[in-house]
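Asks: this one's structure only:
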Ligand SMILES: C[S@@+](CC[C@H](N)C(=O)[O-])C[C@H]1O[C@@H](n2cnc3c(N)ncnc32)[C@H](O)[C@@H]1O
């Protein structure tokens, strides 16, 4: 099975922490979650006292619309995991049902937060390759399960432009996973890494402790500010 359109399917802070090797000493970082969908990362990070903003073209939609789309995605994803169960490591999650429960819980946390009018400033309807932020607004820009995953729909040019844009707005960029929807490594990774290096950036590919899809245990990391004490400019 292949899924061409990015689907609203969201993960939690604990999964983000594992996918992106987020350390305890990083809780004070200001974070931009790009293509955040119904993930609960931003809500949880803020509830823990951190600074985070999420952006996704999906946020042009109402909470009810997102809830509806997420519930449709639920059945598609359950069927996908049942049909292709051998592509996954069933240790943290014991079954497709377990995953669905975790994703529904994440979406609920997200939707409860998203529905509060006062929180509109934390959820911006925007997407790659153009972000509505100033240079260096954030310490860290994350992108989970959008770049590289939809390699059939988005070419290498899109990935290079998107990663340069992420590097523009944040002192560090992390992207996970580097697998395409087929479960194979994205066909764009080598070219994208080469082109970013030619542009003067320093992308690295690092192993992470998270592995749910077999082989999905690497992130792309780029430090884009030389000074670790770089001050993000956005005010929260
Ligand atoms: C599979 S979801 C991942 C959600 C979340 N990051 C996670 O890992 O739990 C992919 C998200 O990418 C979003 N998306 C689609 N086009 C995008 C774009 N051009 N820029 C950023 N995100 C986009 C979709 O709306 C969808 O919410």
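Replies: Thanks, I have it. Source: prediction; values computed, not measured. Numbers count the residues shown, from 1 in each chain.
Asks: in the chain, which spans are helices?
Replies: Assigned by DSSP state H, the helices in the chain fall at 13-19, 41-47, 63-83, 96-114, 156-169, 189-198.
Asks: tell me which of those is the most buried.
Replies: Of those, the one with the most neighbours on average (mean count of other CB atoms under 10 Å) is helix 41-47, at a mean of 22. For glycine as for every other residue, the C-beta is placed from the backbone atoms N, C-alpha and C.
Asks: same for it, what does it pack against?
Replies: In terms of contacts (3 or more CB pairs under 8 Å, 6 or more residues apart in numbering; DSSP states H and E), helix 41-47 is packed against helix 13-19, strand 30-34, strand 51-55, helix 96-114.
Asks: give me the contacts around that helix.
Replies: Under the contact criterion CB atoms under 8 Å, 6 or more residues apart in numbering, helix 41-47 has outside partners 11-13, 16, 31, 33, 36, 51-54, 109-110, 112-114, 122-123, 142, 144.
Asks: does residue 111 touch residue 40 like I think?
Replies: No. Using CB atoms under 8 Å, residue 111 is not in contact with residue 40; the gap is 9.2 Å.
Asks: which parts of the protein sit against the ligand?
Replies: 6-11, 34-37, 39, 56-58, 127-128, 144-146 (CB under 6 Å from any ligand atom).
Asks: buried members of these into PyMOL, please.
Replies: To isolate the buried subset of the residues of the chain next to the ligand in PyMOL, counting by 16 or more other CB atoms under 10 Å, use the following:
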select buried, resi 6+7+8+9+10+11+34+35+36+37+39+56+58+127+128+144+145+146
